[in-house]
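Asks: here is a sequence together with a model predicted from it:
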Amino acid sequence: MPSGILKTVFGFEAFRGQQADVIDHLMSGGDALVLMPTGGGKSLCYQIPALVMSGVALVISPLIALMRDQVETLKQLGVRAAALNSSLDYSEAIEVERAMRAGELDLVYVSPERLLTEPFLTHLSACRLALFAIDEAHCVSQWGHDFRPEYRQLTVLHERFPGVPRIALTATADGPTRKDIVEHLGLSAGRVFVAGFDRPNIRYRVTPKNNPRDQLLRFLKADHARSSGIVYCLSRAKVEDTAAWLRENGFTALPYHAGLNAGVRAANQDRFLKEDTMIMVATIAFGMGIDKPDVRFVAHMDLPKSLEAYYQETGRAGRDGLPSDAWMVYGTQDMARQMQFIESSDAGKRQKHVERQKMNALLGYCETARCRRQVLLDYFDETRPETCGNCDTCLEPVETFDGTEAAQKVLSCVYRTDEIFGAAHIIDVLLGADTDKIRKFGHDTLSTHGIGTEFSKAEWRSVLRQLVALGLLVVDVEGHGGLRLGPGCRPVLRGEQTVELRKDPVRKRAPKTAAAKARLTLDDPADEALFQALRAHRLKLAQAQGVPPYVILHDTTLVEMARTRPTDHAGFARLSGVGEAKLERYGESFLEVVAASAPE
Ligand code: ADP
Ligand code: ZN
C-alpha cells in the first residue's frame, strides 16, 4: 500500500534511503527519531503513514510559513490537509476541528502553543489519531539556535495518548542535540534512523575576500544570472546596501532583516517564495522554515557563527537535489569581528569558551587544504574516505607544507598541559611566553615551553585551527571547551603519520573562474529553451493561484520534462513528481507547452 501511494499521490517511483524502513516502523506502532539532511525526504516518512493509517496525523511545526507551504503542497497533491495556527480566525479554526473529529482530514499541521492548550488536548481525545509528527525536533534543544521551550512540554503527547506512534524529525544532528531530543521528547524506547549528512549536490567554495561586492557580482553573473538564492550578511546596513547594489546591477534583490517591520518582511519573503529568479539579501533572521526547494545558491558575505550554522545556512540550497552552490568570501577581519562578538556578548565564561572553539573549527574549515566536504562531515562525526570532486579545494588544490613536526609540538603541548586549556594558552606555552597563567600552572617548566618559536602567534593559530579541523584536536564542548587530543593523534605523535597543512592562513592568489560550473543549465540549448518556457508557464499558473511555483511542479520535474518531451498523458504521468492530481490539473497545459516547442 505505501508504495502504491508513493506513485499515485506523490508521483515517485521508489523510496529513498531509509524512508521505507521508517514508514514500516511507524505503521507497526513504533516511535522514531529521524535525522536526515535537508532535502533527504523527511516529510514522506510521516505523510505516507498519515494517508495509509486510519485517523488524522498531527504534525507539530514551529513556523506558520512552513505549515502554509506544506499544506499547500499537500493540497496540490489532492491530500486532505489543513493547518491550525494563529493566522486562522475563530470560525476557520472551529471548522478544521470539526473536520478532524469527523475524520475528514488526513494531516493537520499545528503549532506547539496551540497543541498544548487544554481545550485542544481535550478535542484530540475526541479524534481518531493516526500519529504525531514532531517536525524541526531540534527546537527542543538548548544547544541549537532555534530553542523553543514549548517543545519540551510535548512529552504530554506520550502521556495522554500512549498508543499513538510518534516520529520526531530534524536535519540537525550533533551529539548533544540528539541526546536532548531523545531525552526531552521521551523517545528512548523508539528507533533512531540516521542518514548521512552529505549534500552531494552542493558545491562548497570559500574565497579570500578582497573586493567582496565585485566578487559576488562576478559569481552571480557567471553562474546564477537567472537563479533564486540567498546572500547572507552580518549587519542590517550591509543587507540594505548589498540588496541596493545588486538591484543597480540588474538583479531582482530584496532585503530581509529584523529591523524591517513585520509587514515588509512577510511581503519580501512571500515574493522570494513566489518568484523564481529572486535574490534575498538577509541576515540570519531569514531562513528557518524556508522550504523553497529551488534555492540555487547561498552566498556568505561574512562568516557564519559556527560550522553547524554554516551547514544549516548553506543547506538551504538545493533541497530538490539539483546542482547548487555554497559560496563564501572570508577575510581575517571577519574573524576578528566574530571573536569580538563572542567576547562582548552576555554569555557566561564557559559558553564563550565553547563559542570560541566552535569558531576555531569554522576557521579551520576556511583554511583547510583538504576536501571541504570531508572536513565538514568530519565535524559531524561522519567519515568520508574519498574526496568529493565538488568543492574548490578538490577542483583547485592549494599549496601545503609538511606540518608533522608542528602538529607534534602542539599535540604534546596539549598532552602535557592535561588537555584542559584552550588555543591561546597552548600557543603561549609553545612560544615560551611568561604569563600569570603559565607561572600559576608551572607550565614554564614543561619541555614544550618555548619549543615553537619558528612560527608567529597567527601562524600557530592557523595550525591549531587546522588540527581541530583534522580531528587531531577536539573541542571539549561538554566540559569547559578546552582542547583535547583527538582519536587519531597517536600515529602523528609517534611519527607514523604525516600531516599536510595549508600554507597561508588566507589564500592570496586570485580565485580562478570556476572551471566546471555548478549552475543548473541543460546541455542541449533546445532543452534549455524548453525548460525556461516551462518555468514561465509554471510561474503563470502559480501566480493565478497565489502559490509558490514549486508547489505546482518542482524544477526536477521540469528538467525531466524538457529532456524527455512527453507527448501524451501516459508520458506525462511517468515524470517523477507527477501523481494523479498533478496529471489531472496540469498535464494538459504543460503538454501544450512541450508540443509548441517541438522541433519542426
Ligand atoms: P526534507 O524535509 O528532508 O528537507 P523533503 O521532504 O522536503 O525533505 O523532500 C525533499 C525533496 O525530495 C522534495 O522535493 C521531495 O518531493 C523529494 N522526494 C522525497 N522523497 C522522494 C522519493 N522517494 N523520490 C523522489 N523524490 C523524493
Ligand atoms: Zn571536495
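Replies: Received it, and whenever you're ready, just let me know what you need. Only a predicted model underlies this, so the values are computations on that prediction, with no experimental measurement involved. Ligands and ions are numbered 1, 2, ... in the order given.
Asks: nearest residue to residue 362 other than its sequence neighbours?
Replies: Leaving aside its sequence neighbours, residue 362 sits nearest to residue 307 (Cβ to Cβ, 6 or more residues apart in numbering; 4.9 Å). Using the backbone N, CA and C atoms, a C-beta is placed for each residue, glycine as well.
Asks: so after the helix or strand bottoming out on mean pLDDT in the chain, what's the next helix or strand?
Replies: Among the helices and strands of the chain, helix 332-344 carries the lowest confidence by mean pLDDT, DSSP states H and E, at a mean of 71. The helix or strand immediately downstream of helix 332-344 is helix 349-367, counting by DSSP states H and E.
Asks: thinking again about what came up before, pull the contacting residues for the residue nearest to residue 362.
Replies: 358, 361, 362, 365, 376, 379 (Cβ atoms under 8 Å, 6 or more residues apart in numbering).
Asks: wait, which of those is closest to residue 166?
Replies: Among the contacts of residue 307, residue 379 lies closest to residue 166 (Cβ to Cβ), at 29.3 Å.
Asks: the closest one and residue 370 touch, don't they?
Replies: No - contact criterion Cβ atoms under 8 Å: residue 379 and residue 370 do not qualify, at 11.9 Å.
Asks: where does this structure dip in pLDDT?
Replies: Across the chain, residues meeting the criterion (pLDDT under 70) sit at 1, 143-145, 173, 332-333, 335-336, 339, 469, 477-481, 504-520, 599-600.
Asks: which residue of the chain sits farthest from its center?
Replies: If you look at how far each residue of the chain sits from its centre, by Cα atoms, centre = their mean, the farthest one is residue 445, at 46.8 Å.
Asks: from the stretch 451-600 of the chain, which residue is nearest to ligand 1?
Replies: residue 554 (5.3 Å; Cβ to the nearest ligand atom).
Asks: do you know how far that residue is from residue 273?
Replies: 14 Å (Cβ to Cβ, to the nearest Å).
Asks: quick revisit: burial measure for the residue of the stretch 451-600 of the chain closest to ligand 1, as a count.
Replies: By other Cβ atoms under 10 Å, the residues close to residue 554 number 22.
Asks: OK, contacts around it?
Replies: Here residue 554 is in contact with 293, 294, 320, 577 (Cβ under 8 Å, 6+ apart).
Asks: would you list these in TSV and tack on secondary structure?
Replies: Output for the contacts of residue 554, formatted as TSV (DSSP: H, G, I helix; E, B strand; the rest coil):
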residue	secondary structure
293	coil
294	coil
320	coil
577	coil
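Asks: rebuild these as JSON lines, extending it with neighbour count.
Replies: Shown next, in JSON lines, are the contacts of residue 554 (neighbours: other Cβ atoms under 10 Å):
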{"residue": "293", "neighbour count": "22"}
{"residue": "294", "neighbour count": "23"}
{"residue": "320", "neighbour count": "21"}
{"residue": "577", "neighbour count": "18"}
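Asks: mind picking the two most distant members of the residues you listed?
Replies: 294 and 577 (12.5 Å).
Asks: where does the stretch 301-450 of the chain come near ligand 1, residue by residue?
Replies: 319, 320 (Cβ under 6 Å from any ligand atom).
Asks: the strands in the stretch 301-450 of the chain, which residues?
Replies: Remark: strands assigned in the stretch 301-450 of the chain by DSSP state E, counting those that start in this stretch are 324-330, 400-402.
Asks: kindly report the same for the stretch 101-250 of the chain.
Replies: Under DSSP E, counting those that start in this stretch, the stretch 101-250 of the chain gives strands at 107-110, 129-134, 166-170, 191-194, 202-208, 228-232.
Asks: do the second one and ligand 1 meet?
Replies: No - in terms of Cβ under 6 Å from any ligand atom, no part of strand 129-134 sits within range of ligand 1; the closest distance is 11.0 Å.
Asks: for that strand, name the packing helices and strands.
Replies: Secondary-structure packing of strand 129-134 (3 or more Cβ pairs under 8 Å, 6 or more residues apart in numbering; DSSP states H and E): helix 42-52, strand 56-60, strand 166-170.
Asks: what does the third one give?
Replies: Of the remaining helices and strands, those touching strand 166-170 by 3+ Cβ pairs under 8 Å, 6+ apart are strand 32-35, helix 42-52, strand 129-134, helix 175-184.
Asks: before we move on, back to that, tell me the one of the contacts of residue 307 nearest ligand 1?
Replies: Using Cβ to the nearest ligand atom, the contacts of residue 307 come closest to ligand 1 at residue 376, 17.6 Å.
Asks: next one: the closest one from residue 199, what distance?
Replies: Plainly put, residue 376 is 9 Å away from residue 199 if you go by Cβ to Cβ.
Asks: with residue 294 instead?
Replies: Using Cβ to Cβ, we find residue 294 at a distance of 15 Å from residue 199.
Asks: about what we covered before: from residue 432, how far off is the residue farthest from the centre of the chain?
Replies: Distance, residue 445 to residue 432, using Cβ to Cβ: 12 Å.
Asks: likewise residue 200?
Replies: Applying Cβ to Cβ to residue 200 and residue 432 gives a distance of 46 Å.
Asks: so residue 160 touches residue 121, yeah?
Replies: Yes - if you go by Cβ under 8 Å, residue 160 and residue 121 touch, sitting 6.1 Å apart.
Asks: what about the longest helix in this structure?
Replies: Of all the segments of type helix in the chain, defined by DSSP state H, the longest one is helix 525-545.
Asks: give me the contact list for it.
Replies: Applying Cβ under 8 Å, 6+ apart, the set of residues contacting helix 525-545 is 226, 274-276, 521-522, 548-549, 551-553, 555, 558-559, 561-563, 565, 586, 589-590, 593-594, 596-597, 599.
Asks: try stretch 398-412
Replies: 369, 426, 430, 448, 451-452, 455, 460, 463-464, 466-467, 472-473, 485, 489, 492-493, 495, 497-504, 507.
Asks: which of the residues you listed count as buried?
Replies: With burial judged by 16 or more other Cβ atoms under 10 Å, the buried subset of the contacts of stretch 398-412 is 369, 426, 430, 448, 451-452, 455, 460, 463-464, 466-467, 472-473, 485, 489, 492, 499, 501-502, 507.
Asks: ligand 1 contacts on this protein?
Replies: Neighbours of ligand 1 within the chain, by Cβ under 6 Å from any ligand atom: 12, 15-16, 19, 36, 38-44, 293, 319-320, 554, 576.
Asks: having no further points to raise, I will conclude here.
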